[in-house]
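K.L.:
One predicted model, sequence on top.
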Amino acid sequence: NAGVTQTPKFQVLKTGQSMTLQCAQDMNHEYMSWYRQDPGMGLRLIHYSVGAGITDQGEVPNGYNVSRSTTEDFPLRLLSAAPSQTSVYFCASSRSRQGTNEKLFFGSGTQLSVL
Amino acid sequence: AQSVAQPEDQVNVAEGNPLTVKCTYSVSGNPYLFWYVQYPNRGLQFLLKYITGDNLVKGSYGFEAEFNKSQTSFHLKKPSALVSDSALYFCAVRAPTRGYQLTFGKGTKLSVIP
């Protein structure tokens, strides 16, 4: 059982480049979310989804886009990378649409550096 | 707005001694509270949660947490620390009216000294 799979594990971008961070889960979870983790700031919610075709903004959505075309996949897109987006990104999923009533299952993270 | 405070950036404890990692919160209404643990180069793992009921919640790996409504605290505890407990610990909270927004604390690094 793979759980939540994130790719790539590491990525270096130049300012202005675009890229997509991939997240897939094989647990048939309805709720999926993206967080960024910065030193001394904990985790901050970027975007979340409560099912296919439904997405919404979290605490720090600017500069990021998401879509949810299937239950399994929830990619995070950086359209024009900025140094402020250097961070570790985590995808997390949960069984219920309530998301945060249930425990979150986290991927192993993507370490992104924007030069 | 909901918020979480973990007042200690780092906690050091000797192996075999009891450990406490502190967490206080601020929300409107009754809180939903969580503890997660992060080992190096890994994602977060769920330890325990408080939704309602008994103030003492038991979780994974021998951890427990005590909900104190009057002090707005949710401290993580373990009677006897192991070296393998060394990790980064995060407290998280959400208000009942903010179903999808989980707010995390900044994290506390726990070091268990052999």
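P.N.:
Looks like it arrived, so ask away.
K.L.:
just checking, what packs against the strand or helix carrying residue A:23?
P.N.:
Here residue A:23 sits within strand A:19-25, counting by DSSP states H and E. Secondary-structure packing of strand A:19-25 (3 or more Cβ pairs under 8 Å, 6 or more residues apart in numbering or on different chains; DSSP states H and E): strand A:4-7, strand A:10-13, strand A:31-38, strand A:76-78, strand A:87-94. From N, CA and C alone the C-beta is placed, and that goes for glycine too.
K.L.:
Pull out the buried residues from that strand.
P.N.:
Buried positions in strand A:19-25, judged by neighbour count with 16 or more other Cβ atoms under 10 Å in any protein chain shown: A:21, A:23, A:24, A:25.
K.L.:
quick one: which of the residues you listed is nearest chain B?
P.N.:
residue A:23 (11.1 Å; Cβ to the nearest Cβ).
K.L.:
For the closest one, which residues are in contact?
P.N.:
Listed by Cβ atoms under 8 Å, 6 or more residues apart in numbering or on different chains, the contact partners of residue A:23 are A:4, A:5, A:6, A:32, A:34, A:73, A:74, A:75, A:76, A:91, A:107.
K.L.:
export those to CSV and tack on pLDDT, distance to residue A:67 and neighbour count?
P.N.:
As requested, these are exported to CSV (pLDDT from 0 to 100; distance: Cβ to Cβ, whole Å; neighbours: other Cβ atoms under 10 Å in any protein chain shown):
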residue, pLDDT, distance to residue A:67, neighbour count
A:4, 95, 17, 22
A:5, 95, 18, 14
A:6, 96, 16, 21
A:32, 93, 11, 28
A:34, 96, 12, 27
A:73, 97, 9, 14
A:74, 98, 8, 29
A:75, 98, 7, 16
A:76, 98, 9, 22
A:91, 96, 14, 28
A:107, 94, 18, 26
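K.L.:
just these that are near chain B?
P.N.:
A:4, A:107 (Cβ under 8 Å from any Cβ of the partner chain).
K.L.:
quick one: which of the contacts of residue A:23 is nearest to chain B?
P.N.:
residue A:107 (5.3 Å).
K.L.:
tell me the contacts of the most centrally placed residue in chain A?
P.N.:
Of all residues in chain A, the one closest to the mean position by Cα atoms, centre = their mean is residue A:34, 2.8 Å from it. For residue A:34, the contacting residues are A:21, A:23, A:45-48, A:58, A:64, A:66, A:74, A:76, A:89-92, by Cβ under 8 Å, 6+ apart.
K.L.:
what bits of chain B have low per-residue confidence?
P.N.:
The model of chain B has pLDDT under 70 over residues B:97-99.
K.L.:
Report how many residues lie close to whichever residue of chain B sits closest to chain A.
P.N.:
Chain A sits closest to residue B:43 of chain B, with a gap of 3.2 Å, by Cβ to the nearest Cβ. Residue neighbour count, defined by other Cβ atoms under 10 Å in any protein chain shown, stands at 22 for residue B:43.
K.L.:
give me every residue that touches it.
P.N.:
Contacts of residue B:43 (Cβ under 8 Å, 6+ apart): A:4, A:90, A:92, A:106, A:107, A:108, A:109.
K.L.:
What's the local residue count around residue B:26?
P.N.:
Quick note: residue B:26 (other Cβ under 10 Å) scores 14 neighbours.
K.L.:
follow-up on the earlier one: which one of the contacts of residue A:34 is nearest residue B:24?
P.N.:
Of all the contacts of residue A:34, residue A:45 has the smallest distance to residue B:24: 20.4 Å, by Cβ to Cβ.
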